[in-house]
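>>> My questions are about this predicted structure, shown below with the sequence.
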Amino acid sequence: MKIIRQITRESILSAIEKINENSELRSGRESTSYDLVINGERYPPILVLSEANKILGGQQLTLNDFGNSTKVAFDILEKLGFSVEKKSNFSEIVNKVNKVDLEIYFQLLKSIVNKFSLKKDDKRLVFSTKQQQLNFIIGQRYCLVLKNKNSKSEVGFITYKQINNLSSEFDGTPLAYYNISENFQDLERYNATIMKAIEQELTRTRSSGFLNNDDNDFRESIFKESAMPLSKESRKVWIEKTLVEGRNDREDGNYALGKMMWSPQKDKRGADIYSLMREVEKGDVIIHLTNNNAFTGVSRVRSKYKEGKGLKNTEWEGPAYLIELEGFVPIQPIDRRLILNDFYKQQLLTIKENNRVFYNSELNLNQGAYITECPVELCNIINAEYFKLTGESLPYIDQSVSMIHNLSFSINQFVDDLNNTGFFFNKSTVARFVSAMVSKPFVILTGLSGSGKTKLAQTFVTWICENRSQFCIVPVGADWTNREPLLGYPNALNPHEYVKPDSGVLDLIIKAGNQPDLPHFLILDEMNLSHVERYFADFLSVMESKEEIPLYAEGTVENGVPAKIRVPSNLFIIGTVNIDETTNMFSPKVLDRANTIEFRVTQEEMKSFLDNIKDINLGALNGKGAGMAKPFLDMAANKLFATADIDAINRALVQFFGELKKTGAEFGYRSATEIMRLIHQLTVVDNTLTTNQKIDIAIMQKLLPKLHGSRRKLCPVLESLGSFCISGEVKIIKDVLEKKDFDFNGANVLYPLSLEKIARMYNGAIDNGFASFAEA
């Protein structure tokens with residue numbers, strides 16, 4: 001065996017660069033079972049190790065040089081922070097099968113999962129891609145198979161039959177019989193007996209012996225929010241803009257909406273303005289925009305266009321293009337104003353540059369445009385708005401695992417999923433939490449012990465992450481006096497070794513850097529059990545400078561840990577805080593760099609909780625929102641600021657700035673910028689919030705946390721700040737701050753969250769001679 005050099009992370013990255021520059025290196029070196037995955041690209045693991053070894057002055061390597069053990073080879077890569085994944089035939093098979101047949105197959109699989117409440121980790125089920133076909137197996141029985149044979153799709157399925165009781169073979173047990181058909185309508189025709197056979201197999205099966213054949217990509221595609229994987233030659237989506245109201249031919253008969261699309265071959269001038277009709281293919285999807293008002297239905301194309309005549313007694317009696325449709329599904333109307341508005345304007349104009357769409361530069365309807373393109377970006381906007389209305393994707397528009405990230409982030413979906421699993425959080429708190437994270441990736445959760453701070457963080461990361469490796473929950477120790485529990489340290493006894501922390505934080509940071517398209521989360525529980533500035537100083541510094549954190553002197557360590565690390569933009573840090581005699585206070589430096597959210601429980605919330613107590617099932621949230629990870633990251637990358645009601649926002653901020661300055665707690669340019677970003681992100685996450693509600697949240701999370709001091713210093717300022725939070729003539733001390741039963745949700749209260757907090761801080765200062773945000 002050849003000598004394997006001390007392979008480093010840098011040598012691996014250099015090898016990748018070399019392979020990218022010279023694709024011939026792959027020739028004869030492709031892996032049959034595993035890939036090294038970096039930034040979404042796949043490489044043969046042994047080839048990469050071989051090239052890295054050569055870069056370090058060694059020889060070319062083969063698997064034989066690792067003792068014919070892939071584990072030995074892959075351990076080297078994984079210790080350096082890289083990911084090795086098993087190959088999947090899934091995508092290759094999907095791209096070969098007829099897309100309409102594929103959709104029917106996946107819809108049936110999805111209905112089986114829903115009908116029998118099957119879970120992703122069910123060991124009775126196997127999703128195999130053996131024999132270059134999709135095999136859904138229960139126990140030992142192939143229940144539903146899809147394969148491509150001689151360029152045609154075939155489906156195999158089991159049905160339930162009772163053997164004649166006069167047969168000598170009869171033992172009282174119903175048997176399932178396997179059928180092969182090229183007619184996919186048979187799946188619908190035999191649906192009842194297929195379901196009965198499936199139920200029988202599930203009932204009598206405990207575990208499958210074929211689990212080693214399971215294809216994770218296939219399984220994942222079934223249990224994601226969206227089940228239908230689109231092939232590379234994906235269906236196109238089109239928009240038909242048509243008038244229906246008052247037209248008998250469009251309301252009924254063979255030419256009705258959803259049954260036929262038809263247009264002249266040329267306009268009255270002889271111009272070929274209907275050329276897109278010739279590009280529509282069988283299996284494409286049509287979204288119907290009716291009466292210039294709303295999207296009201298979705299159909300599929302049954303066959304490519306035919307040339308014929310238009311309908312008599314209409315203005316289109318001459319030569320026409322006719323396209324038959326099928327599967328029309330009426331939908332809850334999506335008003336076009338939900339799509340054509342300032343919120344989407346920049347995105348819509350970018351889409352328009354490269355596509356023939358149904359709107360113009362002013363976001364008005366394109367007159368004369370009958371059938372127009374609906375590229376993925378536009379389809380996602382329409383689908384996102386429909387999702388907000390219904391909690392579902394448009395018919396026939398489900399995205400694959402690789403495309404589902406194009407869905408819009410939905411705070412309502414997360415709240416619904418929380419409620420369905422037994423957790424209780426009001427939407428306002430969740431919206432504040434998510435908005436805070438995407439405005440700045442450092443959030444502090446403080447407040448009443450047991451009010452759900454850690455649970456909200458835990459449920460969100462469980463929901464949005466594909467797997468457990470994307471987050472770490474680390475309890476902070478009271479003995480943390482430096483950064484070692486988070487970042488590790490160079491081994492003083494062995495200068496060539498860097499000791500990683502047991503917490504897994506360093507590995508998480510490295511992994512986040514290698515997977516920029518996935519969010520990663522670090523949850524620091526009981527963050528103030530130790531002085532934050534002692535163990536977290538490096539993080540606080542690079543949050544603003546964007547510099548790297550040095551770990552050791554370059555060139556001294558050889559065990560794969562980089563000499564410097566950058567905290568990537570897809571790493572979100574959440575700290576939970578309880579204030580009592582065992583904890584430490586935060587300094588203004590820490591609070592200034594975070595969004596601070598206070599958790600309190602109102603009487604109404606407690607009553608609602610007690611009325612609806614049920615078992616909590618955290619596992620039901622696993623990966624359920626993973627399809628929204630990409631739009632979550634897109635929101636975080638959005639650097640736009642609030643523009644709506646900017647004058648009202650500015651007036652409020654300047655007013656608070658002037659009063660806070662009196663105690664030395666005024667905010668700087670950075671905080672002002674972050675406040676504007678927070679207000680913008682609140683609009684994106686929950687567009688039902690009013691301007692005053694967003695200002696209230698910004699005051700509560702970014703301004704009040706820095707307030708602390710003696711009664712003499714604080715009370716006059718709190719009185720003034722309280723008066724800013726309420727309209728009308730009131731005696732702020734007597735009528736509000738000292739009034740025990742004051743209604744903070746009254747009609748004259750502008751900023752209820754802030755006013756209630758100010759009142760608690762005021763009374764704390766009066767009673768104790770001192771007050772701070774965390775202790776009030």
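Yes, it's here.

>>> Given the longest strand anywhere in the chain, what are its sheet partners and their directions?
Ordering each strand of the chain by length in residues (DSSP state E) puts strand 319-335 first. With DSSP bridges as the test, strand 319-335 is paired with strand 260-264 (antiparallel), strand 294-301 (antiparallel), strand 306-309 (antiparallel).

>>> now for those, which one comes closest to Asn383?
strand 294-301 (10.3 Å; CB to CB). Where C-beta positions appear, they are placed from N, C-alpha and C, glycine not excepted.

>>> outside of the closest one, which residues touch it?
If you take CB atoms under 8 Å, 6 or more residues apart in numbering as the criterion, strand 294-301 is touched by 100, 239, 257-258, 280-290, 323-331, 333-336, 382, 386, 394-397.

>>> looking only at pLDDT, what's the mean for that strand?
Average pLDDT, strand 294-301: 92.

>>> what's the spacing between it and its chain's center?
26 Å (CA atoms, centre = their mean, to the nearest Å).

>>> Show me which residues of that strand are buried.
Neighbour counts over strand 294-301 (16 or more other CB atoms under 10 Å) mark 294-301 as buried.

>>> between these, which is nearest Ile574?
Using CB to CB, these come closest to Ile574 at Phe295, 38.2 Å.

>>> Quick check: closest non-adjacent residue to the closest one.
Ile334 (4.3 Å; CB to CB, 6 or more residues apart in numbering).

>>> And Arg42, by the same measure?
Asp35 (3.9 Å).

>>> Is the one you found located within a helix, as I assumed?
No. Read with DSSP: H, G, I helix; E, B strand; the rest coil, Asp35 is strand and lies in no helix.

>>> give the contact list for it.
42-45, 84-85, 87.

>>> ok, back up a step: the residue nearest to Phe295 is in contact with Ala384, isn't it?
No. The pair Ile334 and Ala384 does not pass the contact test of CB atoms under 8 Å, sitting 10.1 Å apart.

>>> Next, show the common contact partners of those two.
Among the neighbours of Ile334, none is also in contact with Ala384 (CB under 8 Å, 6+ apart).

>>> Show me what the helix or strand just after the longest strand of the chain is in contact with.
Tracing the chain past strand 319-335, the next element assigned as helix or strand by DSSP states H and E is helix 345-354. The contact list for helix 345-354 (CB under 8 Å, 6+ apart) reads 339-340, 357, 359-361, 363, 375, 377-378, 381.

>>> Let's see that with 7 Å instead.
Applying CB atoms under 7 Å, 6 or more residues apart in numbering, the contact partners of helix 345-354 are 357, 359, 361, 363, 375, 377-378, 381.

>>> now those: which count as buried?
For the contacts of helix 345-354, buried by 16+ other CB under 10 Å: 357, 359, 363, 378, 381.

>>> Three-state assignment for the third one, please.
The three-state label given to Leu363 by three-state DSSP is coil.

>>> Next one: the nearest residue to it once chain neighbours are set aside, what pLDDT does it get?
Closest residue in space to Leu363, ignoring its immediate chain neighbours: Leu340 at 4.2 Å, by CB to CB, 6+ apart. With respect to pLDDT, Leu340 scores 91.

>>> okay, now Leu340: neighbour count?
Residues lying near Leu340 (other CB atoms under 10 Å) number 19.

>>> Would you list the phi and psi of it?
phi -90, psi 80 (degrees, to the nearest 10).

>>> Am I right that it is in contact with Ser361?
No. In this structure Leu340 lies outside contact range of Ser361 using CB atoms under 7 Å: 11.3 Å.

>>> What sits closest to Ser451 if chain neighbours are left out?
Nearest non-adjacent residue to Ser451 (CB to CB, 6+ apart): Phe599, at 4.0 Å.

>>> quick one: that neighbour from Phe425, how far?
For Phe599, the distance to Phe425 (CB to CB, to the nearest Å) stands at 9 Å.

>>> Now do the shared contacts for those two.
Gly452.

>>> Which pLDDT does the model give the residue nearest to Asn617 when sequence neighbours are not counted?
In space, and not counting its chain neighbours, Asn617 is closest to Thr421: 4.8 Å by CB to CB, 6+ apart. Looking at Thr421, its pLDDT is 80.

>>> Could you do Gly391 as well?
Gly391 is assigned 66 on the pLDDT scale.

>>> do the same with Gln162
43.

>>> Check the one 10 residues further on too.
Per-residue confidence (pLDDT) for Gly172: 34.

>>> show me where the stretch 501-650 of the chain has strands.
Using DSSP state E, counting those that start in this stretch, the strands of the stretch 501-650 of the chain run over 520-525, 548-550, 564-566, 571-577, 595-599.

>>> so what's Phe328 up against?
By CB under 7 Å, 6+ apart, the contact set of Phe328 is 258-259, 297, 299.

>>> and the end-to-end length of stretch 591-598?
13 Å (CA to CA, to the nearest Å).

>>> now that stretch: mean pLDDT?
Averaged over stretch 591-598, pLDDT sits at 86.

>>> again with stretch 757-774
pLDDT averaged over stretch 757-774 gives 89.

>>> repeat for stretch 629-644
77.

>>> can you check stretch 16-27 too?
pLDDT averaged over stretch 16-27 gives 85.

>>> List the buried residues in it.
16, 19, 25.

>>> Could you export those to a markdown table, including columns for secondary structure and distance to Tyr105?
Output for the buried residues of stretch 16-27, formatted as a markdown table (DSSP: H, G, I helix; E, B strand; the rest coil; distance: CB to CB, whole Å):
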| residue | secondary structure | distance to Tyr105 |
| --- | --- | --- |
| Ile16 | helix | 37 |
| Ile19 | helix | 36 |
| Leu25 | helix | 38 |
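
>>> ok, so of these, who is nearest Thr683?
Using CB to CB, the shortest approach to Thr683 within the buried residues of stretch 16-27 belongs to Ile16, at 40.7 Å.

>>> what bits of the stretch 501-650 of the chain have low per-residue confidence?
558, 580-583, 588, 640-644 (pLDDT under 70).

>>> What segments of it are helices?
505-514, 532-545, 588-592, 603-611, 629-637, 646-660 (DSSP state H, counting those that start in this stretch).

>>> winner for burial among the ones you listed?
Among those, helix 505-514 has the highest mean neighbour count (mean count of other CB atoms under 10 Å), at a mean of 20.

>>> before we move on, back to that, out of the buried ones among the contacts of helix 345-354, who's nearest Met437?
Ile381 (23.2 Å).

>>> could you pull out the strands for the stretch 351-500 of the chain?
Under DSSP E, counting those that start in this stretch, the stretch 351-500 of the chain gives strands at 371-373, 442-447, 471-475, 489-490, 498-499.

>>> Turn the ones you listed into JSON lines, including distance to Lys614 and mean pLDDT.
As requested, the strands of the stretch 351-500 of the chain are exported to JSON lines (distance: least, CB to CB, whole Å; pLDDT from 0 to 100):
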{"stretch": "strand 371-373", "distance to Lys614": "47", "mean pLDDT": "92"}
{"stretch": "strand 442-447", "distance to Lys614": "24", "mean pLDDT": "91"}
{"stretch": "strand 471-475", "distance to Lys614": "24", "mean pLDDT": "95"}
{"stretch": "strand 489-490", "distance to Lys614": "46", "mean pLDDT": "91"}
{"stretch": "strand 498-499", "distance to Lys614": "45", "mean pLDDT": "90"}
